[in-house]
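Chemist: can't give you the sequence, but here's the structure:
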C-alpha cells in the first residue's frame, strides 16, 4: 500500500512510476517526483493537454479583443475567411506583421504577435482545428518544451520569410501550425518503418491540402506557410525527437524564454492597442 501511495505519473511522459525515482525509467527526466514538477501551477500551464488549450485560448482571446476594439469589417481581403473580420487598423494596432508594420513602424515584435491574430471567424476556426489535430502528435513525439520552441520559432520564421517576400500585412497561426507539420514530416521520414511512413503520409496530406488551399483561395500567405514548414523540419532535426534524445534542461530553458517573450509581446500588443484606440 505504501508503494501504491507513493506512485505518481511522470510529469513528462505521464507513465506510472515511483515518486522516489531519481530518474524516470521511461523518459529519463531527472527528479520526476520533485514538488515543482508536480504542483498545480505546473500541471495547469505545462501539462500536455493544457499547453494545447492555452495556445487556443490565446488565439481566441486575441481574436475577440480585435473584434471588440474595432467593429468587424471586410477584413484583410474579400474572401469567405473575412466573415466577422476585425478592421485593418485594429489588426495593425494589435500586432499584424509584414512590410508595413516592420519597415514603416519598426515593429519587429509583430513576428511573434501576428501568430495569434486572425482575420475572420473561418480563419481562426480552420487554424485552430488544424492545430488541435496536429499538436497532440507533436507533443507525443517531441515533448512539451520542444513543441513550444517549434511553434514559436516556426511562426516567426514563416512571417520573416513572407516579410522578405514583400507581403505588406499578414496574420494567422498557420505559419506556426505549418512549423508543426514540418517537424512531424521530418520525424516520419527520419524514423521510417511502418509507423514513420504512416505518419509521413498522414501529415503529408495536411501539407498538400494547405498548399492547394493557398493556390485556390485569394489572400493566403503561401510564403509564410512554406517558411513555417521548412523552419519546422530544420528545427525538428536540430532539436531531435523523443526516440533519439530526451528533452534536456536546454530545451526547458529555451521554452521558458519563448513563453516569457510571447507573453510580454501579447501584453504589449493588447496594451498598446487599447491605448491608441481610446487615448491615442
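Modeler: Cool, got the structure. Computed from a predicted model, the values in this text were never measured in an experiment.

Chemist: mind checking what helix or strand follows the helix or strand harbouring residue 147 in sequence?
Modeler: Element membership for residue 147 (DSSP states H and E) is helix 144-164. Proceeding N to C from helix 144-164, the next assigned helix or strand is helix 174-191, under DSSP H and E.

Chemist: in the chain, which spans are helices?
Modeler: Per DSSP state H, the chain carries helices over the ranges 2-5, 35-38, 40-46, 48-69, 88-94, 99, 110-113, 121-142, 144-164, 174-191, 193-216, 222-239, 249-278.

Chemist: what packs against the helix holding residue 147?
Modeler: With contacts taken as 3 or more Cβ pairs under 8 Å, 6 or more residues apart in numbering; DSSP states H and E, helix 144-164 sits against helix 48-69, helix 110-113, helix 121-142, helix 174-191, helix 222-239, helix 249-278. From N, CA and C alone the C-beta is placed, and that goes for glycine too.

Chemist: how far away is the closest residue to residue 258 other than its chain neighbours from residue 20?
Modeler: Computed as Cβ to Cβ, 6 or more residues apart in numbering, the closest residue to residue 258 that is not its neighbour in sequence is residue 152, at 4.3 Å. Distance of residue 152 to residue 20, given as Cβ to Cβ, to the nearest Å: 35 Å.

Chemist: just to revisit the earlier point, what angle do the helix holding residue 147 and helix 121-142 make?
Modeler: Angle of helix 144-164 versus helix 121-142, following axes from the mean of the first three to the mean of the last three Cα atoms, to 10 degrees, is 130 degrees.

Chemist: contacts only, for residue 156.
Modeler: 111, 112, 115 (Cβ atoms under 8 Å, 6 or more residues apart in numbering).

Chemist: repeat the analysis, applying 6 Å as the threshold.
Modeler: 111, 112 (Cβ atoms under 6 Å, 6 or more residues apart in numbering).

Chemist: low-confidence ranges in the protein?
Modeler: Counting by pLDDT under 70, the chain contains low-confidence ranges at 1-6, 9, 11-14, 28-30, 32-48, 71-83, 280.

Chemist: so what are the domain limits for it?
Modeler: 1-38, 48-278 (automatic domain parsing).

Chemist: most neighbours per residue, which of the ones you listed?
Modeler: domain 48-278 (a mean of 20; mean count of other Cβ atoms under 10 Å).

Chemist: how far is that domain from where the chain is centred?
Modeler: Between the centre of domain 48-278 and the centre of its chain there are 5 Å (Cα atoms, centre = their mean, to the nearest Å).

Chemist: identify the residues contacting residue 95.
Modeler: So residue 95 contacts 110, 113, 114, 269 (Cβ under 6 Å, 6+ apart).

Chemist: at 7 Å instead, please
Modeler: 110, 113, 114, 117, 269 (Cβ atoms under 7 Å, 6 or more residues apart in numbering).

Chemist: and it, how far is that from residue 51?
Modeler: From residue 95 to residue 51 the distance is 22 Å (Cβ to Cβ).

Chemist: same question for residue 238.
Modeler: 21 Å.

Chemist: on that earlier part again, looks like the residue nearest to residue 258 contacts residue 256 (just checking).
Modeler: No. Contact criterion Cβ atoms under 7 Å: residue 152 and residue 256 do not qualify, at 11.4 Å.
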